[in-house]
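Visitor: Pasting the sequence and the predicted model now:
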Amino acid sequence: MNWWITNASRTNAEKSDLARLFERADWLAGVNWRFGENLQLIVDFDVIHNGETFPLYMVYPSTFPDSPPMVIPHNGAQLSGHQYGNGGELCLEFRPDNWDSSITGAMMADSAYRLLSSERPPGGEQGAVRSAHEASVGRDSRSARLRFLLDSELLGAFATLPVNVPVPIKAWDYCNESTCTAALTSVSGDSLTWVSPSPSPSSSIARDGFVLRTEREIDRFLTDPQLFLQLVQDEFPEISAQFSQEFFTGFLLLGNWHHWVVLYLLPYQGKQSAVVYKTILAPNPDGRLPECYAHLSEKRVGIVGCGSVGSKVAATLARSGVRNFILVDEDLFFGANLARNDLDARAIGQHKTNALAVRIKDIVGDADITCRRIALGGQESAGATEIVMEELGQANLLIDATADPRAFNLVSAVARRKSIPLVWCGVFAGGIGGIVARARPGNEPVPNIARDQIHAWCDAQGVPWETEAEERYGVQWGDGPPLVADDADVSVISGHASRFCLDILGREESIFPHSAYAIGLMAGWIFRAPYEACPIELRQEGEWGECQDEASEQQLREFLSSMCPAQERDSG
């Protein structure tokens, strides 16, 4: 419903304020109120300055006075340097970024006069009105469908390139319904060799091309890229010499210092064609992660279970700097998994490990990932299980995200034998909360004993656990509908588990005083309110490392003797 229907007093005040302005301002004329489409309130008015009349109209939005009116020239005129496109609304002193509901339409009209008159000072000279806007990459790029991202630090390196010498480049190019975006993946020259630290989108196309540092005039190609093809042989013979085939397909970067023009050359309707990509400087990525994460790329993490929890933890660790993963899961990804998993529809029908590997490489292009499509503790061959357990034994951190006690027992055994920290978590059915836990050699009990201590703690709370789940993420309460843990619930618990992982990998001294926490997401069981955290004390118990006893050496001798009797007699 329009504002003027429900706020009649403000409507009358708007008309009165503009009428008083009309009485005292000799520059205001032709004031006329009317309704527009959808019953929007509109007022036409003229601004008169130096004998020139500027017909304008002001449209009150349905959300007025919570948002500003729009002052627009009639007939699509371009009146000001502070205007949103040809014939668009004027950018005045009062805008969405500084709007206050006390500002009136009369004040907007007065602002329009000040803008137009300031840009047209006496004497016919062109006046300039200082802009209050700061440059925004997003705003400046809205109309650019073709975009080429350039690393801002790389521009400094481009200054070292020899002048007018083409240097080979490689780039990725990715198109969707609204934009085509490209970026460099490498530069391979005698004076500059560079490889992008950022990943290439998994669905992108690899492109070749050249970068040419030049002082020749290049701005003309921004408005007429075909002109480059007409002049290339005469003005850019170095580039022309690179066209060994009839048609060239790839990117050309022309420029110097911080000014570059990006052309994409391609065959079109039997002719060589060219289009221009808008050059966009990508921000410096430094300072986005804690310093203690600097060495995470050297760590290897084994994740058993690539479902909703495992996929989210993997993505978080990749964003934080981890590059080396062992992913273990036998399951396929189905459409039903979209409700909670970090993967999307492109993964449907794939094994979760392989799809998650692609997801990680979309976050960090230089990831080193081993995928094992088996179920630890499931109906797998003993040989395959042994291979996976040996591989997990090479990790710096193990994560059990299966909520399967059989898998936990095997991962726990690897962690204990190889003295590797283990993190695990569980999401309570019904979204009531969850538990996150860690077991670090020398700090906590061995994992299977830590799990038993956590279960004992839960049993000792004196409040019966009413919602024993038959399904991993759902539970039935009485005759009501099943309560299901949604993606937000799983994300909260996964996020806390990820913090445990990063704490172990990145810090010498932990920021967490306890080794396990029960985290409430709603009131129920032991939780009085959402986000209540209950620390769980774990006491040191069990021995980390390979199990050995005092008789092991003698028993080993006897065993070897039984296996190699001939060698034993010869040695005697």
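Guide: Structure's in. What do you need? Residues are numbered from 1 along each chain as shown.
Visitor: Strands of the stretch 101-250 of the chain, start to end?
Guide: 146-151, 167-175, 180-188, 193-195, 205-213, 250-256 (DSSP state E, counting those that start in this stretch).
Visitor: How is the protein partitioned into domains?
Guide: In the domain annotation for the chain, the residue ranges read 3-118, 138-282, 294-536 (automatic domain parsing).
Visitor: can I assume residue 526 is in contact with residue 457?
Guide: No - using Cβ atoms under 8 Å, residue 526 is not in contact with residue 457, being 10.1 Å away. Just so you know, the C-beta spots here come from the backbone N, C-alpha and C atoms, and that holds for glycine as well.
Visitor: Dump the strands of the stretch 101-250 of the chain into CSV; add mean pLDDT as well.
Guide: Shown next, in CSV, are the strands of the stretch 101-250 of the chain (pLDDT from 0 to 100):
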stretch, mean pLDDT
strand 146-151, 94
strand 167-175, 95
strand 180-188, 95
strand 193-195, 91
strand 205-213, 96
strand 250-256, 95
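Visitor: Please identify which of those strands is closest to residue 107.
Guide: Closest approach to residue 107 among the strands of the stretch 101-250 of the chain (Cβ to Cβ): strand 146-151, 38.4 Å.
Visitor: Spit out the contact partners of the residue nearest to residue 79 when sequence neighbours are not counted.
Guide: Distances taken as Cβ to Cβ, 6 or more residues apart in numbering put residue 73 closest to residue 79, at 5.0 Å, once the chain neighbours are dropped. Residues in contact with residue 73, defined by Cβ atoms under 8 Å, 6 or more residues apart in numbering, are 54, 55, 56, 79, 83, 87, 90.
Visitor: Can you tell me which of those residues are buried?
Guide: 54, 56, 79, 83, 90 (16 or more other Cβ atoms under 10 Å).
Visitor: Which of the residues you listed sits closest to residue 386?
Guide: For the buried ones among the contacts of residue 73, the nearest to residue 386 is residue 83 (71.8 Å; Cβ to Cβ).
Visitor: thought the closest one was touching residue 89?
Guide: Yes - using Cβ under 8 Å, residue 83 is in contact with residue 89, at 7.2 Å.
Visitor: Mean confidence (pLDDT) on the helix ranked longest in the chain, please.
Guide: Ranked by residue count, the top helix of the chain under DSSP state H comes out as helix 487-506. Across helix 487-506, pLDDT averages out at 96.
Visitor: residues of it that come out buried?
Guide: Buried residues in helix 487-506, defined by neighbour count with 16+ other Cβ under 10 Å: 489-494, 496-506.
Visitor: From the contact counts, what lies against it?
Guide: helix 308-320, strand 397-400, strand 422-427, strand 433-439, strand 516-520 (3 or more Cβ pairs under 8 Å, 6 or more residues apart in numbering; DSSP states H and E).
Visitor: ok and that helix relative to strand 516-520, angle-wise?
Guide: Counting by axes from the mean of the first three to the mean of the last three Cα atoms, to 10 degrees, helix 487-506 lies at 160 degrees to strand 516-520.
Visitor: Please write out the alpha-carbon positions of helix 487-506 in PDB.
Guide: The C-alpha trace of helix 487-506 is given here as PDB (Å, rounded to 0.1, in the frame of the first residue of the first chain):
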ATOM      1  CA  ASP A 487      21.700 -27.100   7.600                       C
ATOM      2  CA  ALA A 488      22.000 -24.300  10.100                       C
ATOM      3  CA  ASP A 489      22.200 -26.800  13.000                       C
ATOM      4  CA  VAL A 490      24.800 -28.900  11.300                       C
ATOM      5  CA  SER A 491      26.700 -25.800  10.300                       C
ATOM      6  CA  VAL A 492      27.000 -24.600  13.900                       C
ATOM      7  CA  ILE A 493      28.400 -27.900  15.100                       C
ATOM      8  CA  SER A 494      30.600 -28.300  12.100                       C
ATOM      9  CA  GLY A 495      32.000 -24.800  12.700                       C
ATOM     10  CA  HIS A 496      32.900 -25.500  16.300                       C
ATOM     11  CA  ALA A 497      34.600 -28.800  15.200                       C
ATOM     12  CA  SER A 498      36.500 -26.800  12.600                       C
ATOM     13  CA  ARG A 499      37.700 -24.400  15.300                       C
ATOM     14  CA  PHE A 500      39.000 -27.300  17.200                       C
ATOM     15  CA  CYS A 501      40.900 -28.500  14.100                       C
ATOM     16  CA  LEU A 502      42.400 -25.100  13.400                       C
ATOM     17  CA  ASP A 503      43.400 -24.700  17.000                       C
ATOM     18  CA  ILE A 504      45.300 -28.000  16.900                       C
ATOM     19  CA  LEU A 505      46.900 -27.300  13.500                       C
ATOM     20  CA  GLY A 506      47.800 -23.700  14.000                       C
END
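Visitor: That one vs helix 308-320, what angle?
Guide: Using the same axes, to 10 degrees: helix 487-506 against helix 308-320 is 50 degrees.
Visitor: relative to strand 433-439, how tilted is helix 487-506?
Guide: Going by the same axes, to 10 degrees, helix 487-506 makes 10 degrees with strand 433-439.
Visitor: by how many degrees do helix 487-506 and strand 422-427 diverge?
Guide: Counting by the same axes, to 10 degrees, helix 487-506 points 170 degrees away from the direction of strand 422-427.
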